[in-house]
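[1] need a structure here:
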Amino acid sequence: MRSSLRLVLAVLVTVAGLGLAGCVKPDKAVVAFLLASSQAERWQAVDEPVFAQHLEDSCRGCDYLTWTADGDAERQAQQFDEALEAGADVIVLNAVDGERAAEMIAAAEEVPVIAYDRFLPGADHFVSADPAVIGRLMATALVDAVGRRARVMMVNGAAGDDNATQIREAARGVFRRHRVEVVAEARPDSWSAEEAEEFVRAERSRLGRVDALLVGNDTQASGVVAAFDDLGLARGQRPWISGQDAELAAVRRLVAGEQGMTVYKQIRTMAQRAADAAIDLMLGESPEGSTDYQGVPATLVEPVAVTPATVAETVVRDGVHTLDDICDGATRRACEDLALR
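    Presented below is the predicted three-dimensional model:
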């Protein structure tokens, strides 16, 4: 019933002009979704299409606009301005850079901004998984895999991303309790595979003396694996590595034994909740089920650790990836060994 009501209200509020920012079309509300990049496959394969479809289903009185910044903070700022000029009544922002995003939020004035996946102080709402929980999941899985008192390296997320900071601090808390020694760590400018690969190459002399690498996300993990390949490390010589986002390529690495774990953040649910929150904020309502995260109202999903043993009961069960996609070509035999076929 509430969903049907929102279909009507989204149109009525716009037509009546009850506080929505200037729309270019008087009979439509305008929702903008700005993505940081398309480097990780999840953005174009899951987040954006699921958000767009849920918005279409829930708000037939809404126009939808989307941009991708390709990792360029200034380009995203220009796209943000374009969204405002196009009459956006709410902007869902997956930010490239936290400091630049703060300026954009200030420029939005009365137009609500939803921080998507990456936390932004000053946003009107935040939709993600708690990054501290993600950090603890990663670090706990690492300790479970290689033991206490391990020697590890860390490939952190982007230096300007609050999520990366929270993941790092939570992981280090687990490491302190288990006397895990961090012998080197990267603080890259981005979440890119290239920077992760460069770090591993630069620290190659340590690889034979560390048990694991805590790696911020699956895109970075792909760079770590590429460095292992280029350095000629045999399977038995490679440290255990983590990841995040449950990308298809990462899940295939899990079953092939090239990556130890990833974190599944219920991305479909996140995208749907972001669309719901966008409609609620346009209507001047507080999104249902909101909690507080660092002073910002938030919708938080529960992240889940995915290991080779739990692929079927997590990402496959939830329809994120199919067994046909995971168990194809080079991973077919590994899937059979894991009873995934």
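[2] now do stretch 246-261, average pLDDT.
    Averaged over stretch 246-261, pLDDT sits at 96.
[3] and it, how far from the chain's centre?
    Its chain's average C-alpha position is 17 Å from that of stretch 246-261, according to CA atoms, centre = their mean, to the nearest Å.
[4] try stretch 52-70
    Using CA atoms, centre = their mean, the offset of stretch 52-70 from its chain centre is 19 Å.
[5] start to end distance for that stretch?
    19 Å (CA to CA, to the nearest Å).
[6] buried residues in it, which are they?
    By neighbour count on 16 or more other CB atoms under 10 Å, the buried set for stretch 52-70 is 52, 54-55, 58-59, 61-65, 67-69. Backbone N, C-alpha and C define where each C-beta goes, glycine included.
[7] got a markdown table for those residues, with distance to Ala102, pLDDT and secondary structure too?
    Converted to a markdown table, the buried residues of stretch 52-70 look like this (distance: CB to CB, whole Å; pLDDT from 0 to 100; DSSP: H, G, I helix; E, B strand; the rest coil):
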| residue | distance to Ala102 | pLDDT | secondary structure |
| --- | --- | --- | --- |
| Ala52 | 27 | 96 | helix |
| His54 | 28 | 96 | helix |
| Leu55 | 26 | 96 | helix |
| Ser58 | 29 | 94 | helix |
| Cys59 | 28 | 92 | coil |
| Gly61 | 31 | 81 | coil |
| Cys62 | 27 | 91 | strand |
| Asp63 | 27 | 95 | strand |
| Tyr64 | 25 | 96 | strand |
| Leu65 | 22 | 97 | strand |
| Trp67 | 19 | 97 | strand |
| Thr68 | 21 | 95 | strand |
| Ala69 | 16 | 95 | coil |
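[8] need the contact partners of stretch 132-144.
    Stretch 132-144 is touched from outside by 150, 152, 166-175, 178, 180, 212, 214, 240, 242, 244, 260-261, 263, 265, 302-305, 307, with contacts defined as CB atoms under 8 Å, 6 or more residues apart in numbering.
[9] which SS state does Trp191 fall under?
    coil (DSSP: H, G, I helix; E, B strand; the rest coil).
[10] burial measure for it, as a count.
    By other CB atoms under 10 Å, 28 other residues sit near Trp191.
[11] gap between it and Arg209?
    Here the criterion is CB to CB, to the nearest Å. By it, Trp191 lies 26 Å from Arg209.
[12] can you pick out the most distant pair from the buried residues of stretch 52-70?
    Spatial extent of the buried residues of stretch 52-70 (CB to CB) is set by the pair Gly61 and Ala69 at 27.6 Å.
[13] sketch out the low-pLDDT regions of the stretch 151-300 of the chain for me.
    By pLDDT under 70, the stretch 151-300 of the chain contains no weakly predicted segment.
[14] what about the strands in the stretch 151-300 of the chain?
    151-155, 181-186, 212-215, 240-241, 262-264, 291-293, 296-301 (DSSP state E, counting those that start in this stretch).
[15] of all these, which lies closest to Glu313?
    strand 262-264 (10.6 Å).
[16] Val316 contacts Asp324, correct?
    No - between Val316 and Asp324 there is no contact under CB atoms under 8 Å: 10.3 Å.
[17] burial count for the closest residue to Val301 other than its chain neighbours?
    Closest residue to Val301 apart from its sequence neighbours, by CB to CB, 6 or more residues apart in numbering: Gln266 at 4.4 Å. Per other CB under 10 Å, the neighbour tally for Gln266 reads 18.
[18] show me what contacts Gln266?
    129, 301-304, 318.
[19] let's see which of these end up in helices.
    Taking DSSP state H, every one of these sits outside helices.
[20] could I get the residues you listed as TSV with pLDDT?
    Shown next, in TSV, are the contacts of Gln266 (pLDDT from 0 to 100):
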residue	pLDDT
Ala129	95
Val301	95
Glu302	94
Pro303	96
Val304	96
Asp318	85
